[in-house]
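>>> pasting the structure only:
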């Protein structure tokens, strides 16, 4: 897997989650090796899109807050 890195502890939890999901949904055991391969595929296929959407959402949220800032803290200049 190139690109996104997942720390080993989190990766272990995700592999366990994939295995649990597979068992629940398909009533089949999934080996740790296959769960890791599936996780790698999902992260590679979806990771960049999900990450980029998160960045766009955060940017939009912050921009809306900055736009509101003018209305919240603006003091009219009465010296003119």
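Yes, it's here. No experiment lies behind these values; they were computed from the predicted model shown. Residues are numbered from 1 along each chain as shown.
>>> going forward, measure contacts between C-alpha atoms and count neighbours the same way
Will do.
>>> Name the SS class of residue 77, please.
Following DSSP: H, G, I helix; E, B strand; the rest coil, residue 77 is assigned to coil.
>>> What helices and strands are in contact with the lengthiest helix in the chain?
Longest helix in the chain, counting residues (DSSP state H): helix 32-73. Here helix 32-73 touches helix 8-26, going by 3 or more CA pairs under 8 Å, 6 or more residues apart in numbering; DSSP states H and E.
>>> Tell me where the protein is predicted with low confidence.
By pLDDT under 70, the weakly predicted segments of the chain are 1-3.
>>> Apply 50 and report the result again.
By pLDDT under 50, the weakly predicted segments of the chain are 1-2.
>>> Check the gap between residue 27 and residue 18 for me.
13 Å (CA to CA, to the nearest Å).
>>> again, but for residue 42
In terms of CA to CA, residue 42 sits 11 Å off from residue 18.
>>> Which of these two has more residues huddled nearby?
Ranked by neighbour count (other CA atoms under 10 Å), residue 42 and residue 18 place residue 18 first, with 19 against 11.
>>> For that one, list the residues it contacts.
Counting by CA atoms under 8 Å, 6 or more residues apart in numbering, residue 18 makes contact with 35, 39.
>>> how far off helix 8-26 does the longest helix of the chain point, in degrees?
Calculated by axes from the mean of the first three to the mean of the last three CA atoms, to 10 degrees, helix 32-73 forms an angle of 110 degrees with helix 8-26.
>>> so how many other residues sit close to the closest residue to residue 43 other than its chain neighbours?
Leaving aside its chain neighbours, residue 43 sits nearest to residue 4 (7.5 Å; criterion: CA to CA, 6 or more residues apart in numbering). Look at residue 4: counted by other CA under 10 Å, it has 11 neighbours.
>>> ok, now residue 37?
14.
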